[in-house]
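Student: Have a look at this prediction, sequence included:
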2 protein chains.
Amino acid sequence: MKYDQDSLKQMDKRHRARFINSVIGTKPALMVGSQNAHGQSNLAIMSSAFHLGADPALIGLIIRPSESPRHTFNNILETGCFTLNHITADIVEAAHQTSARYPEGECEFDAVGLEKEYLNGFTAPFVAQAPIKLGVTLVEHQLLAVNKTHLIIGEIQLLDVPENAVNHDGFVDIIATGTVAVTGLDHYVQPTSLKRLSYAKVDRWPEEIQ
Amino acid sequence: MKYDQDSLKQMDKRHRARFINSVIGTKPALMVGSQNAHGQSNLAIMSSAFHLGADPALIGLIIRPSESPRHTFNNILETGCFTLNHITADIVEAAHQTSARYPEGECEFDAVGLEKEYLNGFTAPFVAQAPIKLGVTLVEHQLLAVNKTHLIIGEIQLLDVPENAVNHDGFVDIIATGTVAVTGLDHYVQPTSLKRLSYAKVDRWPEEIQ
């Protein structure tokens, strides 16, 4: 079935949001932890984080401040840091529930029953239940004029990863950590391993890395 | 196991690339189709596409021109368009193989055995085998000074999606289409459904959408 710009325009707003959010494929689902200068903390699930570079270790994050995670956005600009926390199947409802519009002053950690954890003096709070935790500092922020979203670029300062999930070559096995992902706005998925493939060369077909 | 900036810096370059690429979680794996002004086409697998907005329907893509998909980058700037094509388990080796550094003039479609398809007069080629295909036009391009990567912003002009994968509410079921994803640089995964959760409200716990 083909859709062009006219058929996309004719869709109901929420229908189109579900549709367009789905077609990119599987996205990382991460809980973004932050707090303001007065120590009021916030937690918000996001699926808009992406890898930007390994050296320096950079993460991009798209935030639409007109929608719910306004506190997160303000906190990141105010304190210059945030955390990214992986989600497992047993906390997927709690993680999803952080997207409810809790009023100013109500902490999502308490509201959804997730435990706050502070690591190595990092200002923003981590989620104790998360198997993988990233502490990130703000490097750059820009408003994308095209649709008034904000691009946040951050550098990874701190990583907490279970030792048994790290392969000898540096690869981290997020199947082993039970990390879930998301498709569309609300569909949580569990990745299962197909295979790792060797670095591609023009003169031979890729082989499975055991 | 905790890693700080010092321990990241001390890692071997390739080790760090595998490590940092893994910790963001599951990423979409998409084949980017393009061609230059002379009709020479190119296909390159990328895991750096992200949802940027539904209205207008926008996609972001990070390209590091110093690495292999230089042809793709040049083609996008030259013709102002590209395609994004989903990958299934039966073509995952072919899709991965597009990352080999084929010389100028050699077409990855032919080299890896994927079929080129042109849809609705769109300039850039699609992959016939892909269950979901997106035709995208360039809206904005910027060099991110922080690490010399390029941010490509494109608008979805054309979407080809199997009718039976589209839910009545607009959600597209990429489990039904067999779309795979990637973690790290080379680990292909098949998502399996956990659950869809209802829109989060402060006064009730999310429920499963059937």
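Tutor: Received it, and whenever you're ready, just let me know what you need. Numbers count the residues shown, from 1 in each chain, chains lettered A, B, ... in the order given.

Student: make it CA atoms for all contacts and neighbour counts henceforth
Tutor: Noted.

Student: Tell me which residue lies nearest the centroid of chain A.
Tutor: Nearest to the mean C-alpha position of chain A, counting by Cα atoms, centre = their mean, stands residue A:30 at 3.2 Å.

Student: surely it meets residue A:43?
Tutor: No. Between residue A:30 and residue A:43 there is no contact under Cα atoms under 8 Å: 10.1 Å.

Student: still on that earlier bit, in contact with the residue nearest to the centre of chain A, which residues are there?
Tutor: A:45-47, A:49, A:84-87 (Cα atoms under 8 Å, 6 or more residues apart in numbering or on different chains).

Student: try residue A:152
Tutor: A:60-63, A:138-142.

Student: now, which of these lie within strands?
Tutor: Among the contacts of residue A:152, DSSP state E puts A:60-63, A:138-142 in strands.

Student: Put the buried members of the residues you listed into a PyMOL selection.
Tutor: To isolate in PyMOL the members of the ones in strands among the contacts of residue A:152 that are buried, counting by 16 or more other Cα atoms under 10 Å in any protein chain shown, one can use:
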select buried, chain A and resi 60+61+62+63+138+140+141
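
Student: that older thread, pLDDT at the residue nearest to the centre of chain A, what is it?
Tutor: Residue A:30 carries a pLDDT value of 98.

Student: can you check residue A:5 too?
Tutor: 93.

Student: Any idea how many residues pack against it?
Tutor: Residue A:5 has 14 neighbouring residues, counting by other Cα atoms under 10 Å in any protein chain shown.

Student: That one: what's it in contact with?
Tutor: B:156-158.

Student: just residue A:169 next, same as before
Tutor: Contacts of residue A:169 by Cα under 8 Å, 6+ apart are B:15, B:18.

Student: Help me confirm that it is found in a helix?
Tutor: No. Assessed with DSSP: H, G, I helix; E, B strand; the rest coil, residue A:169 is coil; it does not lie in a helix.

Student: quick one, strands of chain A?
Tutor: Under the criterion DSSP E, chain A carries strands at the ranges A:2-4, A:26-28, A:30-35, A:41-46, A:49-54, A:57-63, A:81-86, A:116-117, A:126-127, A:133-144, A:149-160, A:181-183, A:187-197, A:208-209.

Student: in its sheet, what does the fourth one sit against?
Tutor: Taking DSSP bridges as the criterion, strand A:41-46 pairs within the sheet with strand A:30-35 (antiparallel).

Student: what angle sits between the strand it pairs with and strand A:81-86?
Tutor: Angle, strand A:30-35 to strand A:81-86, by axes from the mean of the first three to the mean of the last three Cα atoms, to 10 degrees: 150 degrees.

Student: could you give the angle of strand A:30-35 to strand A:57-63?
Tutor: With the same axes, to 10 degrees defining the directions, strand A:30-35 sits at 90 degrees from strand A:57-63.

Student: Just the CA trace of strand A:30-35, in CSV.
Tutor: Taking C-alpha atoms only, strand A:30-35 is exported to CSV below (Å, rounded to 0.1, in the frame of the first residue of the first chain):
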residue,chain,number,x,y,z
LEU,A,30,15.6,4.7,27.5
MET,A,31,14.6,6.5,30.7
VAL,A,32,16.2,10.0,30.9
GLY,A,33,17.0,11.0,34.5
SER,A,34,17.6,14.6,35.4
GLN,A,35,17.2,17.1,38.2
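
Student: Tell me the bridge partners for residue A:204.
Tutor: Residue A:204 has these beta-bridge partners by DSSP bridges: residue A:201.

Student: Compute the number of surrounding residues for it.
Tutor: 9.

Student: Quickly note the distance from it to residue B:108.
Tutor: Computed as Cα to Cα, to the nearest Å, the residue A:204 to residue B:108 distance reads 14 Å.

Student: what's the answer for residue A:159, then?
Tutor: From residue A:159 across to residue B:108, the span is 37 Å (Cα to Cα).

Student: hmm, back to that, partner residues bridging the residue nearest to the centre of chain A?
Tutor: residue A:46, residue A:86.

Student: can you tell me how far it sits from residue A:10?
Tutor: Residue A:30 is 32 Å from residue A:10, by Cα to Cα.

Student: near chain B, anything from stretch A:6-23?
Tutor: Yes. Shown here: stretch A:6-23 in contact with chain B (Cα under 8 Å from any Cα of the partner chain) through A:13, A:15-23.

Student: Just the buried subset of the residues you listed, please.
Tutor: A:15-23.

Student: Please report the number of neighbouring residues for residue A:91.
Tutor: Residue A:91: 17 neighbours (other Cα under 10 Å).

Student: Please disregard the earlier target; I meant residue A:6.
Tutor: Residue A:6 has 10 neighbouring residues, counting by other Cα under 10 Å.

Student: if I look at it, how far off is residue B:85?
Tutor: 21 Å.

Student: Enumerate every residue touching the nearest residue to residue A:179 once chain neighbours are set aside.
Tutor: Nearest residue to residue A:179, sequence neighbours excluded (Cα to Cα, 6 or more residues apart in numbering or on different chains): residue A:88, at 4.9 Å. Taking Cα under 8 Å, 6+ apart, we find residue A:88 in contact with A:130-131, A:177-180.

Student: Where does the prediction get shaky in chain A?
Tutor: The model of chain A has pLDDT under 70 over residues A:66-69.

Student: at 90 what do you get?
Tutor: A:64-71, A:103-106, A:210 (pLDDT under 90).
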